[in-house]
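Enquirer: fold the following, please.
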Amino acid sequence: MVKRQFDYEQKYQELLTKVKEIKETASTMNFNLEQEFEVVEKKMESIREEKYRHLTPWERILLTRHPERPTTRDYIEFLCEEWIEVHGDRYFGDDAAIIGGIGLFEGCPVTIIGHQKGKNTPDNLKHNFGMPHPEGYRKVERLILQAEKFKRPVITFIDTPGAYPGVGAEERGQAGAISKVLMTMAGLKVPVIAVVTGEGGSGGALALAVADRLLMLSNAVFSVASAEACASIIWKDVERVEEMAAILKITAEDLLELGIIDEILPEPIGGAHQDFQQMAETIKTSLIKYLPELRGKDTDNLLEERYQKI
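Expert: Next up, the predicted model:
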């Protein structure tokens, strides 16, 4: 059976707890084993670091689905001195799988849009597990056109297994809504920076990835479709998902080598949720580096360079 959750960290912490318990017991028996325990703990940490440097593509996918992994809202609250969320597409309704609005970042007004997952089952049901409906993409279109009108840079955060494939979504024009966002983003006359923070699956992710700079967290993934969908479509066997994940070239290292992304943002050992402050600071530093550079370009050059990049 294919592993459905990344449990390495849990097992590591359990082992670390047992070592600490033995250490405490030894101290009550007047056994001076401090040096030996220090060697063991350093060796364990070294093995852990090595493990996270060489995760398989499937293990990275599982890590991006960790329930404690930071969400778009977490990053927005950290990055923005002020934030006004905008709701609805002015056509059908408000899609909780996409959040967006206007923020003040380092004194600069920006439009921020991103996929939103939940932290637990009820929260995930509310946000449809980060899988947007067409009204979510119409909200994106509304926000980016507003950003262009008021000359605000756009920042997007990508974390979705894909757009919602349900009957209702198709009836309300899922493909058309995504296509319009792709077309609008390609010709948007303001800078766009996209950050893949977790899963970047299918057209649902690509809609927010047409950008002047595409950044990716080191354990994030970005693919034409989810590994499960590809294994089901091509091999008719979802149990071969690990094999498919390795073939798809979905990791940050693969995509940097292929020239698809511009920078890898290193995560803390164990994943972004292990040290949110450090991860958010890394994203902030990168945004501070790219935003002034892109804002300094005239519109014609900005659009031409984006076109060549695409």
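Enquirer: use CA for all of it now, contacts and neighbours both
Expert: Fine.
Enquirer: how about the strands in the stretch 1-150 of the chain?
Expert: Here the stretch 1-150 of the chain has its strands, by DSSP state E, counting those that start in this stretch, at 82-85, 98-105, 108-115.
Enquirer: now swap in the stretch 201-310 of the chain and tell me
Expert: Along the stretch 201-310 of the chain, counting by DSSP E, counting those that start in this stretch, strands occupy 213-217, 221-223, 263-265.
Enquirer: redo those as TSV? Include mean neighbour count.
Expert: TSV is the format used below for the strands of the stretch 201-310 of the chain (neighbours: other Cα atoms under 10 Å):
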stretch	mean neighbour count
strand 213-217	24
strand 221-223	28
strand 263-265	20
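Enquirer: lowest average confidence across these, which one?
Expert: Looking at the strands of the stretch 201-310 of the chain, the lowest mean pLDDT belongs to strand 221-223 (a mean of 94).
Enquirer: just checking, what packs against it?
Expert: Helices and strands touching strand 221-223, by 3 or more Cα pairs under 8 Å, 6 or more residues apart in numbering; DSSP states H and E, are helix 57-64, strand 192-201.
Enquirer: shaky segments in the stretch 1-150 of the chain?
Expert: Within the stretch 1-150 of the chain, the segments meeting pLDDT under 70 span 1-5.
Enquirer: what about the helices in it?
Expert: With DSSP state H, counting those that start in this stretch as the criterion, the stretch 1-150 of the chain has helices at 8-28, 34-53, 57-64, 72-79, 121-126, 134-149.
Enquirer: is it true that Leu62 touches Glu9?
Expert: No. Leu62 lies out of contact with Glu9 (Cα atoms under 8 Å); the separation is 11.9 Å.
Enquirer: distance of Ser179 relative to Asp237?
Expert: According to Cα to Cα, to the nearest Å, Ser179 stands 30 Å off from Asp237.
Enquirer: who's more crowded, the two?
Expert: Neighbours per residue, other Cα atoms under 10 Å: of Ser179 and Asp237, the larger number sits with Ser179, 16 against 13.
Enquirer: CA atoms only for stretch 164-173, dumped as CSV, please.
Expert: Taking C-alpha atoms only, stretch 164-173 is exported to CSV below (Å, rounded to 0.1, in the frame of the first residue of the first chain):
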residue,chain,number,x,y,z
TYR,A,164,-12.5,21.6,-8.1
PRO,A,165,-13.6,19.1,-10.8
GLY,A,166,-17.3,18.7,-9.7
VAL,A,167,-20.3,18.9,-11.9
GLY,A,168,-21.5,22.2,-10.5
ALA,A,169,-18.0,23.8,-11.1
GLU,A,170,-18.1,22.6,-14.7
GLU,A,171,-21.6,23.9,-15.2
ARG,A,172,-20.6,27.3,-14.0
GLY,A,173,-17.7,27.5,-16.4
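Enquirer: buried set for that stretch?
Expert: Buried residues in stretch 164-173, counting neighbours by 16 or more other Cα atoms under 10 Å, are found at 164, 169.
Enquirer: can you get me a residue count around the nearest residue to Tyr164 once chain neighbours are set aside?
Expert: Here the nearest residue to Tyr164 in space, its sequence neighbours aside, is Met131; by Cα to Cα, 6 or more residues apart in numbering that works out to 4.9 Å. Met131 is flanked by 25 other residues according to other Cα under 10 Å.
Enquirer: now swap in Ala96 and tell me
Expert: Per other Cα under 10 Å, the neighbour tally for Ala96 reads 25.
Enquirer: okay, how far is it across stretch 203-220, tip to tip?
Expert: Using Cα to Cα, one end of stretch 203-220 lies 16 Å from the other.
Enquirer: my error: substitute stretch 267-279 in the last question.
Expert: First residue to last in stretch 267-279 (Cα to Cα) measures 6 Å.
Enquirer: check which residues of that stretch are buried.
Expert: With burial defined by 16+ other Cα under 10 Å, the residues of stretch 267-279 counted as buried are 267-273, 276, 279.
Enquirer: could you dump the residues you listed into a markdown table and include pLDDT and distance to Lys119?
Expert: As requested, these are exported to a markdown table (pLDDT from 0 to 100; distance: Cα to Cα, whole Å):
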| residue | pLDDT | distance to Lys119 |
| --- | --- | --- |
| Glu267 | 95 | 19 |
| Pro268 | 93 | 20 |
| Ile269 | 89 | 21 |
| Gly270 | 89 | 18 |
| Gly271 | 91 | 16 |
| Ala272 | 93 | 14 |
| His273 | 93 | 12 |
| Phe276 | 96 | 14 |
| Met279 | 97 | 18 |
